[in-house]
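Trainee: Just to be clear, the model below is a prediction. Sequence and coordinates:
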Amino acid sequence: MASKLGLILTFAFAVQILCFMGDLTCLQGLVGRLDSFAIAIGKRIAKDGGLTARAINEARVNYGFVVRSLSGGAAEIGALYRYEVSCRYVPISFIEPFTVTLTRSTVIGYIE
């Protein structure tokens, strides 16, 4: 009887560990996609002279990412432009959903 109870408890803990490992794998993929997109949008911001409404809409519609400017005022050539890219993540395990955010910066006019 004790061995059967131990086996049942082992399966319960094993399922939780597998869910946690699945969450870590999914988060690693999400952060990789966010980082790749942040690099691409940084090049576009540097080329366009700032974050445009078209770039924000394309990020939301095509990828489900939210792009937001952290720099205030008009962007000048040579100025440092800060922005963030974020996405909401709903985990497999019993944790509440949360937002993964990357903050990046680029120099306006650096890439032509």
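Mentor: Looks like it arrived, so ask away.
Trainee: surely residue 51 meets residue 83?
Mentor: Yes - contact criterion C-beta atoms under 8 Å: residue 51 and residue 83 qualify, at 6.0 Å. To be clear about C-beta, it is placed using only N, CA and C from the backbone, and glycine gets the same treatment.
Trainee: any shared contact partners between the two?
Mentor: 41, 45, 67, 69 (C-beta atoms under 8 Å, 6 or more residues apart in numbering).
Trainee: What is the burial count for the first one?
Mentor: Okay, so that is residue 41. If you count neighbours by other C-beta atoms under 10 Å, residue 41 ends up with 23.
Trainee: for residue 15, what are its contacts?
Mentor: So residue 15 contacts nothing (C-beta under 8 Å, 6+ apart).
Trainee: Please repeat the previous calculation with a cut-off of 10 Å.
Mentor: When contacts are counted by C-beta atoms under 10 Å, 6 or more residues apart in numbering, residue 15 touches residue 93.
Trainee: right, and the helix or strand after the helix or strand hosting it?
Mentor: Element membership for residue 15, per DSSP states H and E: helix 2-48. Elements were assigned by DSSP H and E; along the chain past helix 2-48, the next helix or strand is helix 53-58.
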